[in-house]
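A.B. asks: Show me how the following folds:
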Amino acid sequence: MSWYLLILAGLFEIGWAIGLQYSEGFSKPIPTLGTAVAIVISMVLLARAVEDLPVGTAYAVWTGIGAVGTASLGVLLFDEPATLARAGCIGLIVVGIVGLHLASGGH
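C.D. replies: Numbers count the residues shown, from 1 in each chain. The predicted structure follows:
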């Protein structure tokens with residue numbers, strides 16, 4: 001269950017990171033509120049996950065999910081460059097996330 005909470009926390013991390021762009025420096029109230037809510041949910045879920053998972057593993061996976069999702073959505077939503085080098089680096093992060101999951105026994 002902790003891994004599911006951690007994945008969900010990572011998805012909310014993507015949400016708040018993308019929300020930062022839409023909030024335009026916290027000048028737009030609705031996107032700012034959504035960003036703040038996503039931050040709180042992400043942190044609460046991460047805190048719950050580290051009750052059962054090693055904090056180093058959980059934090060690395062949480063930030064990895066956020067980094068991969070945010071970088072990918074940056075390409076799709078904000079016309080950020082989609083280069084082979086970026087894709088390769090994102091792939092390395094995914095390999096690291098999977099590796100941490102497997103190294104922790106996958107539970």
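A.B. asks: Quick one: classify the residue of the chain most remote from its centre as helix, strand or coil.
C.D. replies: Relative to the centre of the chain, and counting by C-alpha atoms, centre = their mean, the farthest-placed residue is residue 27 at 23.2 Å. What DSSP: H, G, I helix; E, B strand; the rest coil gives for residue 27 is coil.
A.B. asks: How about residue 51?
C.D. replies: Using three-state DSSP, the structure places residue 51 in coil.
A.B. asks: these two touch, right, it and residue 2?
C.D. replies: Yes - applying C-beta atoms under 8 Å, one finds residue 51 in contact with residue 2, separated by 7.1 Å. C-beta: built from backbone N, CA, C; applies to glycine.
A.B. asks: neighbour-wise, which of these two wins?
C.D. replies: Using other C-beta atoms under 10 Å, the more surrounded residue of residue 51 and residue 2 is residue 2, with 16 against 10.
A.B. asks: And the more buried one, what's its pLDDT?
C.D. replies: Here the pLDDT value assigned to residue 2 is 94.
A.B. asks: residues touching it, list them.
C.D. replies: Taking C-beta atoms under 8 Å, 6 or more residues apart in numbering, we find residue 2 in contact with 48-49, 51-53, 58.
A.B. asks: Can you say which of those are buried?
C.D. replies: The neighbour count (16 or more other C-beta atoms under 10 Å) marks 48-49, 53, 58 as buried among the contacts of residue 2.
A.B. asks: Dump those residues into a markdown table; add pLDDT and distance to residue 77 as well.
C.D. replies: Listed next are the buried ones among the contacts of residue 2 as a markdown table, based on pLDDT from 0 to 100; distance: C-beta to C-beta, whole Å:
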| residue | pLDDT | distance to residue 77 |
| --- | --- | --- |
| 48 | 98 | 29 |
| 49 | 97 | 27 |
| 53 | 93 | 30 |
| 58 | 94 | 27 |
